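A.B. asks: Fold the following for me, if possible:
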Amino acid sequence: MIPILRIGLALLILSWVAVFVHESLHLMAAQLLGHDGRLHLATLGVATFQEDIPYSTGWHDAAIRLSGGIGTGALFLAFWWLTSRSRVMAEVDNGMPFLALGIGQLIYAPFEFWLYARTDYGALAGILIGLALAALWYGTLHGIGGYDGLHR
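C.D. replies: I've put the predicted structure just below:
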């Protein structure tokens, strides 16, 4: 399979995994802080519902809001770091999706934290910046004068 197709397919599959992990981390944070909640599985994703958390609960609300993006970002960056250290898996199409989604989740987290922010803009900004930085790191912008990436 062509490497760009493998990267695209991996991004598609890992995006669904990232959404599930992201929402699960919101739920786990809520439950650790003594609140009730549930996950709702839908056709194109997952949503977390916390019934008993008013938006004025201070640091509980902040911790729950930030847990999804920061936790998922850290997890995906850890997977990227592990795959980049493995001689078998240190290829662009194995590590790039983890790096792109990890960066994307970390960029998305502040958008989700602010109560009135448009999370769709945050998601778009996160994935575009994540993809751009991952492409720069791996040198997949090789059409620019033989540029071979930052990590070599």
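A.B. asks: Okay, buried residues for the one helix or strand Gln31 maps to please.
C.D. replies: Using DSSP states H and E, Gln31 sits within helix 3-32. Judged by neighbour count using 16 or more other C-beta atoms under 10 Å, the buried positions of helix 3-32 are 6-7, 10-11, 14-15, 18-19, 21-30. Placement of C-beta: from N, CA and C, glycine included.
A.B. asks: next one: stretch 118-133
C.D. replies: Within stretch 118-133, the residues that qualify as buried are Gly122, Ala123, Gly126, Ile127, Ile129, Gly130, Leu131, Leu133, counting by 16+ other C-beta under 10 Å.
A.B. asks: Please report the distance of the first one from His40.
C.D. replies: In this structure, Gly122 lies at 20 Å from His40, with C-beta to C-beta, to the nearest Å as the measure.
A.B. asks: What is the least confident helix or strand in this structure?
C.D. replies: Least confident helix or strand of the chain, by mean pLDDT, DSSP states H and E, is strand 45-49 with a mean of 69.
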